[in-house]
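In: below is the structure, and that's it, no one-letter string:
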């Protein structure tokens with residue numbers, strides 16, 4: 001199989017939907033790339049405005065403007081633990097088309113589609129400023145502006161499933177595809193676990209980075225609880241801290257893409 005990653009010293013950008021996604025899904029990969037000397041940037045599409053809050057001392061933040069500032073702080077702390085220095089929110093320069101005023105893409109929310117709470121679908125309260133309400137062409141142009149300004153060698157994004165079907169994750173898949181087409185920057189897909197195995201996907205087992213990822217996840221106290229080697233989500237769902245990432249390289253086709 002062909003390694004989907006460029007050689008050490010590359011400039012690799014990641015697009016993620018909300019604060020915490022970068023650590024939950026790709027924390028070990030971010031830490032690995034930083035450790036081998038790559039320049040790494042994370043573009044976060046929304047500020048997670050509609051995120052549920054873990055019951056406890058932070059629960060009063062739910063649904064308030066203060067939650068936004070808190071999640072921004074959580075994200076900054078997590079990225080520092082992973083060694084990522086370059087971060088920007090989509091719609092904020094340099095992740096904004098030059099000459100246009102800054103734009104905020106808001107969290108679209110979600111609802112569970114199954115009793116086991118493993119598959120998400122669109123929420124009922126997505127407003128006109130939500131990521132899913134924005135034309136893909138608009139958001140892709142903003143992401144393309146960043147890729148060109150930052151001189152990216154590779155963009156890493158979601159497959160069409162987006163991990164668990166969250167509408168913002170699915171939107172990010174289409175945004176990343178369109179931005180890659182606009183700029184010519186190759187796009188590698190993080191393969192969702194429910195879709196594995198996938199022909200051509202490369203397994204990157206990186207258990208040596210579990211500890212920095214654990215420390216990064218601790219910063220997200222509003223969204224989850226770290227219990228040893230597991231993450232407990234706000235709804236009580238448990239999952240192991242992810243230490244293996246499957247990447248489908250730029251030479252491959254998107255997974256289960258309808259068009």
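Out: Done, it's in. Keep in mind the model is a prediction, meaning the values are calculated, not measured. Numbers count the residues shown, from 1 in each chain.
In: give the ranges of residues in the stretch 51-200 of the chain that sit below the confidence cut-off.
Out: Along the stretch 51-200 of the chain, the parts satisfying pLDDT under 70 run over 116-117, 122.
In: show me the helices in it, by range?
Out: Shown for the stretch 51-200 of the chain, the helices assigned by DSSP state H, counting those that start in this stretch span residues 65-82, 136-150, 167-183.
In: what's the angle from the shortest one to helix 167-183?
Out: The reference is to helix 136-150. 60 degrees (axes from the mean of the first three to the mean of the last three Cα atoms, to 10 degrees).
In: which positions in helix 136-150 come out as buried?
Out: 136, 138-148, 150 (16 or more other Cβ atoms under 10 Å). Where C-beta positions appear, they are placed from N, C-alpha and C, glycine not excepted.
In: grab the nearest non-local neighbour of residue 212.
Out: Closest residue to residue 212 apart from its sequence neighbours, by Cβ to Cβ, 6 or more residues apart in numbering: residue 31 at 5.0 Å.
In: isn't the one you found up against residue 83?
Out: Yes: because the distance of 6.4 Å satisfies Cβ atoms under 8 Å, residue 31 is recorded as touching residue 83.
In: shared neighbours of these two, which are they?
Out: Residues touching both residue 31 and residue 83 (Cβ atoms under 8 Å, 6 or more residues apart in numbering) are residue 212.
In: neighbour count winner among the two?
Out: The residue with more neighbours, out of residue 31 and residue 83, is residue 31; 24 against 14, by other Cβ atoms under 10 Å.
In: so how far is residue 245 from that one?
Out: Distance, residue 31 to residue 245, using Cβ to Cβ, to the nearest Å: 11 Å.
In: for residue 214, same thing?
Out: 16 Å.
In: of these two, who's got more company?
Out: More crowded of residue 214 and residue 245, by other Cβ under 10 Å: residue 245, with 21 against 18.
In: you'd agree that one is in a strand?
Out: Yes: counting by DSSP: H, G, I helix; E, B strand; the rest coil, residue 245 is part of a strand.
In: now do the same contact list for it.
Out: Each residue near residue 245 by Cβ under 8 Å, 6+ apart is listed here: 25-26, 28-29, 190, 203-204, 206.
In: make it 7 Å
Out: Residues counted as contacts of residue 245 (Cβ atoms under 7 Å, 6 or more residues apart in numbering) are 26, 28-29, 190, 204.
In: right, and residue 39 touches residue 14 too?
Out: No: judged on Cβ atoms under 7 Å, residue 39 makes no contact with residue 14 at a distance of 11.9 Å.
In: of those two, who's got more company?
Out: Taking neighbours as other Cβ under 10 Å, residue 39 and residue 14 compare with residue 14 leading, 27 against 18.
In: tabulate the helices of the stretch 51-200 of the chain in TSV, adding columns for distance to residue 124.
Out: Shown next, in TSV, are the helices of the stretch 51-200 of the chain (distance: least, Cβ to Cβ, whole Å):
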stretch	distance to residue 124
helix 65-82	19
helix 136-150	22
helix 167-183	11
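In: what's the closest of these to residue 98?
Out: helix 136-150 (6.4 Å; Cβ to Cβ).
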